[in-house]
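Student: next one to model:
(chains A and B)
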Amino acid sequence: MSIASPPRPRPTSREEQPYVATTKPRRTGMWLAIVVTVWVVGWALLKHQDTLATGFQDLNGLQRWLNGVRDAIQAATPTNWFFHGVIGNIVTFTNWVFEQIQYLISAPAPGRPVPQIGWLGVVAIFGWVAYAAAGLRSMVLVVASTLAFGILGYWQDSMDTLIVTVIAVLLCVVIGLPLGVGMSRRKWLSDLVTPVLDVMQTMPSFAYLTPFALVFGIGATCAILVTLVYALPPLVRIAEHGIRSVSPTTVEAADSLGVTRRQLLRRVQLPMARRTIVLGINQCTLAALSMATIAAFVNGPGLGQPVVQALQNLDVGAAAVPSLAIVVMAIMLDRTTTAASERAERQTRGRMSTRTRRIVLGVGAVVVAVCIYLSRLYLQLAQFPQKLDVGPTIADAINSATDSVVNNVDTFTSGFKNAVSYGFLNPLQTLMADTPWWLMAAVLLGFSYFLGGWRPTVVTAVCEGVILAMGLWHDAMITLTTTIVATVLVMILAVLLGVWMGRSRRVDTVIRPFLDALQTLPPFVYLVPALALFSTSRFTAIVAAVAYALPLATKLVADGIRGVAPTTVEAAEASGSTRWQMITKVQLPMARPAIVLATNQGLLYVLSMVVIGGMVGAGSLGYIVVSGFSQGQLFGKGLAAGIAITALGVMVDRIAKYTAARYGR
Amino acid sequence: MAAALAVTVSACGGGNIKETKSASGKSCGTVNIAVNPWTGYEANAYVIGHLAKTKLGCTVNYQDVKEEVGWQGMSAGTTDTIVENWGHPDLVKKYVDQQKTVQDAGLTKNEGIIGWYVPPWMAQKYPDITDWKNLNKYADLFKTSESGGKGQLLDGDPSYVTNDEALVKNLHLNYKVVVGGSEAALIQSFRSAEKNKTPLLAYFYQPDWFFSEIPLVKVNLPKYTPGCDSDPAKVACDYPPYKLNKLVSKKFADSGSPAYTLVKNFQWTNDDQNKVAEYIAKDKMDPDAAAKKWIDDNPDMVKQWLQGT
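Tutor: The predicted model follows:
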């Protein structure tokens, strides 16, 4: 569910280097062919034996045990000193704090028909903060975006989402920065925490929604904590990386001056890593915002609620408008924190005309105070004028557009769905899921070994063990099948689009904004049209996953194609290659590292959609996670499925990473 | 700019925001209503919520949660009421009988019917399809890419009450249950099935506003007799007729809030609920506005509910 860091490929600066195959022949192709042959023959002889398929309502010991733990916690909650005394009070306190902030800017305060500070005051405050932290352009952007929340008709929900996001990010900074700093200085801490961060990022958020709701109740606190889990890892990682990458010569120089470790950190490392750390906060903020819709499932306040509710009523338009507000908020937060990080860098270098700035800020503060005062006085300045609410108009337009598209093409699209399902998905699924588990496990080990070496093989073995222990082997293989098919589709489309964009600036300028928007849009929004076009099926889930993963993969490919040295392209042109030859013989091979990276990221993004896919017909693991959230007796099984998805993710990621390391060069 | 604003202030003088003395509706306080994921439920919740807000001066929080989460919330005291409950004998046993944290607040007078439905064109073309005994004969019609060579039975949101897996197995039907997701998904499927005349067999329920758009036809399973569904794994009979009821947390019941009396008094017919649900889902009205419209049209019924508050 992330808008997470699109890791940009390094620009290829090795211009003059001709392309040569650097890897020595490993006979990988031959070995893989052998593995596949054994697999297919084994499948033909032994299919439907030992597949470990289980009925939907069947539970194994572990899953029952998890249910028992849940019941025990639930029974203990009203009396237990820890759950009632400690956690209960923390939750009550956090909810109280949240409510006070709501009274301030979003919800009617006690004794008033409106919040303490009306929209005019809020806009003024945000504008001032943006100016102080990031400059004039950011201020204009922030003011425009904040007004847009009101104009779209979602003022209060937007403010609530903003509050949840900001509190979560603040907590992330408080926890994440010291952790990141500690990890950069102590290797054992880094080794200990990194796998935990991996799990936090790979585990589908739906899987921990129920346990969190169980312990922390539903509402603001739970929403903040769920968001925290997802948003913390990027901050910690980037902070660690930032401190680490402070140049060793600088550190040595400081060392030789005899500074203590504490001084070194405060005077040298932290200031020098400032820009990277702000970037980490930026990524953390975007990740936090991307949880807005998920948080709505535990009654988290904010924009997620109208999105989820509108989808229940099949109202694409009404879901799209609050989603648009989320997109606007993401752009606002992203650009502002980026600008703030650039300013931070300039500040470190000490180039600022501080005097004029102080005067402007001072005057600005007075304006803000006046705006707040006015917004406390006048209803029109406190409550966003209803007349400006253009949300319904946009919603209607989107609905009629979607309806006309859906009504005209749905017979055609269902044919397409059937072709892919019968021709590709079903055969692959029976091959993967109907092969005996021990053979399939061996095949996966074989693939990892011949593609990536012994390291990913060990990881694969461990992950297979976890999946088996969860009792969900058969379902995991079905999920793996849809994941692979989706990733293949993502890569075909990403290469086509990416090459087109990479070769033409104009195409790039037209397509890129759409990709940006698609990347920030909560995936729930395109579920309904996808359902209408492809009905309840694995293919619908695949379409949703492709829509989610495609933007990033395409951008990476396009950047890779653009990164091919102009001299090489010119040389190829001079030698008279056709456009087709240019693409296939020069640009694509040279952009191989970018394509490998795009595949890896695409795969992870597809995996993160497994649970959402479960809501529209993907079945297997994703659906079990969703069911665990809604059916008491499936609590344990849902949790187990979440763990299985995590294991699947780690396994696939490691295989892809090591393969990439071997062949991406 | 600051000067200009200052002038505006002095020019306009006072202001038009009236501070109220105390928190509005001191006697009522806050009501947390769970909102489960189907439109009919939303109709109940927003009609009650709108009345609580406007007539009783309560602060109303709508909590969009699934059924089990709502029960859990009532047990923890963070949710006050569920205003349309479909049975759930296991949860009744756990929370009402054992923990005693949840109480029954009477019937809504809505009658729930769960079952398997086909679009009307199919019932016309294959009149005998409404008898479960003929389902195997037609299984081929319902084949899809998802059903692995069998007929497809499309199911709803995982939180909905369902015995479908067991029914297919115990009635020896050549069908596979394919899980679909939300009410939205089911409605969308029925719409395209009726429009394109494609076969569809799916789980659905009444009361639901959608029947006024497309009158789905129910497939009759072996008749329900009390107790025939007591073992979930061995069910081989139709769903029982559900008498839908309301639930409240013990905390809310003991609070003496007038909203509790309102919830207890609340009763209406399937037609009433469908009307509000249709305003919401078909006419795309805001749920609160839809509730207001119905309330304005039905003052007598509302008056009865407000008795004793």
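
Student: ok, the residue nearest in space to the middle of chain B - contacts?
Tutor: In chain B, the centroid-proximal residue (C-alpha atoms, centre = their mean) is residue B:41; its distance is 2.9 Å. Taking C-beta atoms under 8 Å, 6 or more residues apart in numbering or on different chains as the criterion, residue B:41 is in contact with B:35, B:83-84. In short, each C-beta sits where N, CA and C put it, glycine included.

Student: wait, does stretch A:163-183 contact chain B?
Tutor: No. Stretch A:163-183 stays clear of chain B (C-beta under 8 Å from any C-beta of the partner chain), getting no nearer than 15.0 Å.

Student: dump that stretch to PDB, keeping only the CA atoms.
Tutor: Provided in PDB are the C-alpha atoms of stretch A:163-183 (Å, rounded to 0.1, in the frame of the first residue of the first chain):
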ATOM      1  CA  ILE A 163      -4.000  15.200  12.200                       C
ATOM      2  CA  VAL A 164      -3.700  11.400  12.200                       C
ATOM      3  CA  THR A 165      -0.800  11.700   9.700                       C
ATOM      4  CA  VAL A 166       1.000  14.400  11.600                       C
ATOM      5  CA  ILE A 167       0.700  12.600  15.000                       C
ATOM      6  CA  ALA A 168       1.900   9.400  13.400                       C
ATOM      7  CA  VAL A 169       4.800  11.100  11.700                       C
ATOM      8  CA  LEU A 170       5.800  12.900  14.900                       C
ATOM      9  CA  LEU A 171       5.800   9.600  16.800                       C
ATOM     10  CA  CYS A 172       7.800   8.100  14.000                       C
ATOM     11  CA  VAL A 173      10.400  10.800  14.300                       C
ATOM     12  CA  VAL A 174      10.600  10.400  18.100                       C
ATOM     13  CA  ILE A 175      11.000   6.600  17.800                       C
ATOM     14  CA  GLY A 176      12.700   6.400  14.400                       C
ATOM     15  CA  LEU A 177      15.400   9.000  14.600                       C
ATOM     16  CA  PRO A 178      17.200   7.700  17.700                       C
ATOM     17  CA  LEU A 179      16.800   4.200  16.400                       C
ATOM     18  CA  GLY A 180      18.200   5.100  13.100                       C
ATOM     19  CA  VAL A 181      21.100   6.900  14.700                       C
ATOM     20  CA  GLY A 182      21.800   4.000  17.000                       C
ATOM     21  CA  MET A 183      21.700   1.500  14.100                       C
END
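
Student: for that stretch, what is the distance to the chain centroid?
Tutor: Mean-position distance between stretch A:163-183 and its chain equals 18 Å (C-alpha atoms, centre = their mean, to the nearest Å).

Student: so how far is chain B from residue A:157?
Tutor: As judged by C-beta to the nearest C-beta, to the nearest Å, residue A:157 and chain B stand 12 Å apart.

Student: report the contact partners of the residue nearest to that residue when sequence neighbours are not counted.
Tutor: For residue A:157, ignoring the flanking residues on the chain, the nearest one in space by C-beta to C-beta, 6 or more residues apart in numbering or on different chains is residue A:303 at 4.7 Å. Residue A:303 makes contact with A:154, A:157-158, A:160-161, A:292-293, A:322-323, A:325-326, A:329, according to C-beta under 8 Å, 6+ apart.
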